[in-house]
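Enquirer: Compute the structure for the input listed below.
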Amino acid sequence: MRMKGTLQAYLEQFDTDTQDSFEKLVKRTAEVENVTEELKATDQMEWVRRMNNIRSRSEEFILSEYVYQ
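Expert: Next up is the predicted model:
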């Protein structure tokens, strides 16, 4: 790919795809686990704790499914 000059385009597309998947996964997981703006307004520390947990799990999933394969 490097010799053909397509590596940069491939990496940019890969980055975009994985970032989109990560954001969608975080959003869906937050909805399923009922981590809402209401929780954020009433208990900010709990909201931060839950969102950090969701983001960590989502990142691990994306890395294991897309990067480490």
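Enquirer: all helices of this structure, in order?
Expert: Secondary structure of the chain (DSSP state H): helices located at 7-32, 37-42, 44-62.
Enquirer: can you tell me which residue is nearest the centre of this protein?
Expert: F22 (2.4 Å; C-alpha atoms, centre = their mean).
Enquirer: who touches it in this structure?
Expert: Neighbour list for F22: S58, E59, I62 [criterion: C-beta atoms under 8 Å, 6 or more residues apart in numbering]. To be clear about C-beta, it is placed using only N, CA and C from the backbone, and glycine gets the same treatment.
Enquirer: hmm, 6 Å instead?
Expert: Under the criterion of C-beta atoms under 6 Å, 6 or more residues apart in numbering, the contact list for F22 reads S58, I62.
Enquirer: Can you pull the phi and psi angles for T36?
Expert: Per-residue torsions, T36: phi -110, psi 170 (degrees, to the nearest 10).
Enquirer: Which residue comes closest to it once chain neighbours are left out?
Expert: Spatial nearest neighbour of T36, chain neighbours left out: A30 (7.8 Å); criterion: C-beta to C-beta, 6 or more residues apart in numbering.
Enquirer: Any idea how many residues pack against that neighbour?
Expert: Neighbour count of A30, defined by other C-beta atoms under 10 Å: 18.
Enquirer: go on, the one 3 residues further on?
Expert: The number of residues packed around E33, counting by other C-beta under 10 Å, is 13.
Enquirer: Can you give me the separation between D20 and L39?
Expert: 25 Å (C-beta to C-beta, to the nearest Å).
Enquirer: More neighbours: these two, which one.
Expert: L39 (16 against 10).
Enquirer: Contacts only, for that one.
Expert: Residues near L39 by C-beta under 6 Å, 6+ apart: W47.
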